[in-house]
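Asker: Sequence first, predicted coordinates after that:
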Amino acid sequence: MSNVEAVPVEVRCGTVADGEPLAGTARVDVLTPRDVPLGGPRAMTVRRTLPQRARTLIGAWCFADHYGPDDVSETGGMDVAPHPHTGLQTVSWLFSGEIEHRDSLGSHAFVRPGELNLMTGGHGISHSEVSTPRTTVLHGVQLWVALPEAHRDTAPDFRHHVPEPVRTEGAEIRVFLGSLAGVTSPVPAFTPLLGAEILLRPHTSVTLAVDSGFEHGLLVDQGAVRLAGTLLRPADLGYVHPGPATLTLTNESDTPARTVLLGGTPFGEEIIMWWNFIGRSHEEIAKAREEWMTGDRFGTVQGYDGDPLPAPELPTVSLKPRRIPR
């Protein structure tokens, strides 16, 4: 998905050492999203949890949009024209609906519930995303992963994967990146990562073994979920500092709860995000913008009926690094 804000903020993201939690205990910070309208007056509104002032990265996860349930008869659904990406991977995960993906590699695929579409932008790629006529309710998450310095100029790529669900007493888990609950996704990542959908039956708990070197974020889609003693409501993201070797999730609702668990080792690199680009300097971002508007770096998306998205104007100044509170 594109960041189609008319005036996107240039964000310099970096990691700052946090206060050390007690060994083996989970320290949870609750992050709440801001609403971002995508498009015109009938726009679909998304809830953006990353990046924000309180936290810009969870591992290499640098962008999290949570949208729906969206009645496409009222909003028109999703229609994002061809647009570019550099220095990142896009991770598309749906709860309901269907999205048609086309990219400049020639990939033509559909995003469906429980199926992963992962696109590597690397040096440069462009793609379009359109909800299909079969869609009545569109609901899901769009996530971005920052590529590390050694791989951020890698060749573009596209992967599709359907993870088998892991069923435990009280939970159903689909691991789309990394390892959890005895399952490892075959989809490669450039830094240690975790991405999984976790469904919890009403009034049940599950305790999961996790990498103690990871920081984690639990995004709640539906239900009231207690994470390591902290209650999270729908659209909340609970951030867990590195340290714990297990995480306990409890659904305190009378109905099933749905969550997405993200994790990774602290990224440790400073990045700049602006529009659909991730780079290391203002000049690099400006060059990518110029090459999208005038060059052939990003290729052509075949099969989309319409013009590509024009790039917004660059800001005149760069923002300073945003300090992560202790």
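Answerer: In hand now; what should we look at?
Asker: what about the stretch 51-200 of the chain, any weak spots by pLDDT?
Answerer: Along the stretch 51-200 of the chain, no part satisfies pLDDT under 70.
Asker: Skipping adjacent residues, who's closest to Ala257 in space?
Answerer: Once flanking residues are discounted, Ala257 sits nearest to Gly223: 2.6 Å by Cβ to Cβ, 6 or more residues apart in numbering. Where you see a C-beta, it was placed from the backbone N, CA and C, and this is true even at glycine.
Asker: and the longest helix for this structure?
Answerer: When the chain is parsed with DSSP state H, its longest helix is helix 282-294.
Asker: How about residues contacting that one?
Answerer: Helix 282-294 is contacted by residues 10, 84, 86, 124, 126, 272, 274-275, 277, 279, 297-298, 310-311, 314, 318 when judged by Cβ atoms under 8 Å, 6 or more residues apart in numbering.
Asker: Tell me the buried residues within the residues you listed.
Answerer: 10, 84, 86, 124, 126, 272, 274-275, 277, 279, 297-298, 311, 314, 318 (16 or more other Cβ atoms under 10 Å).
Asker: Tell me the one of these nearest Gly59?
Answerer: Of all the buried ones among the contacts of helix 282-294, Gly59 sits closest to Ile272, with 18.0 Å by Cβ to Cβ.
Asker: thinking that closest one is in contact with Leu314, fair?
Answerer: No: applying Cβ atoms under 8 Å as the test, Ile272 and Leu314 come out as separate, 11.5 Å apart.
Asker: so where do the strands sit in the stretch 1-150 of the chain?
Answerer: 11-13, 28-31, 34-38, 44-50, 61-71, 79-85, 88-96, 99-103, 108-111, 116-120, 125-131, 137-146 (DSSP state E, counting those that start in this stretch).
Asker: what comes up buried for the third one?
Answerer: Along strand 34-38, the positions that meet the burial threshold by neighbour count (16+ other Cβ under 10 Å) are Val36, Leu38.
Asker: same question, the longest one
Answerer: In terms of neighbour count (16+ other Cβ under 10 Å), strand 61-71 has its buried residues at Trp61, Cys62, Phe63, Ala64, Asp65, His66, Tyr67, Gly68, Asp70.
Asker: For the third one, which residues are in contact?
Answerer: I take that to be Phe63. Counted by Cβ under 8 Å, 6+ apart, Phe63 has contacts Asn3, Arg48, Leu50, Pro51, Leu88, Gln142, Leu143, Trp144, Met273.
Asker: Output these as JSON lines; include the columns neighbour count and distance to Asp254.
Answerer: Converted to JSON lines, these look like this (neighbours: other Cβ atoms under 10 Å; distance: Cβ to Cβ, whole Å):
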{"residue": "Asn3", "neighbour count": "23", "distance to Asp254": "37"}
{"residue": "Arg48", "neighbour count": "19", "distance to Asp254": "29"}
{"residue": "Leu50", "neighbour count": "25", "distance to Asp254": "30"}
{"residue": "Pro51", "neighbour count": "22", "distance to Asp254": "34"}
{"residue": "Leu88", "neighbour count": "25", "distance to Asp254": "39"}
{"residue": "Gln142", "neighbour count": "24", "distance to Asp254": "29"}
{"residue": "Leu143", "neighbour count": "26", "distance to Asp254": "29"}
{"residue": "Trp144", "neighbour count": "25", "distance to Asp254": "34"}
{"residue": "Met273", "neighbour count": "26", "distance to Asp254": "39"}
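Asker: List just the nearest of those residues to Asp157.
Answerer: Among the contacts of Phe63, and counting by Cβ to Cβ, the member closest to Asp157 is Leu88, at 12.1 Å.
Asker: what sits against that closest one?
Answerer: So Leu88 contacts Cys62, Phe63, Gly121, Trp144, Val145, Ala146, Leu147, Ile278 (Cβ under 8 Å, 6+ apart).
Asker: One more pass at 6 Å, please.
Answerer: With contact set as Cβ atoms under 6 Å, 6 or more residues apart in numbering, Leu88 has these partners: Gly121, Trp144, Ala146, Leu147, Ile278.
Asker: Give me the contact list for stretch 206-220.
Answerer: 58, 170-171, 227, 232, 234, 236-240, 242-243, 245-249, 259-266.
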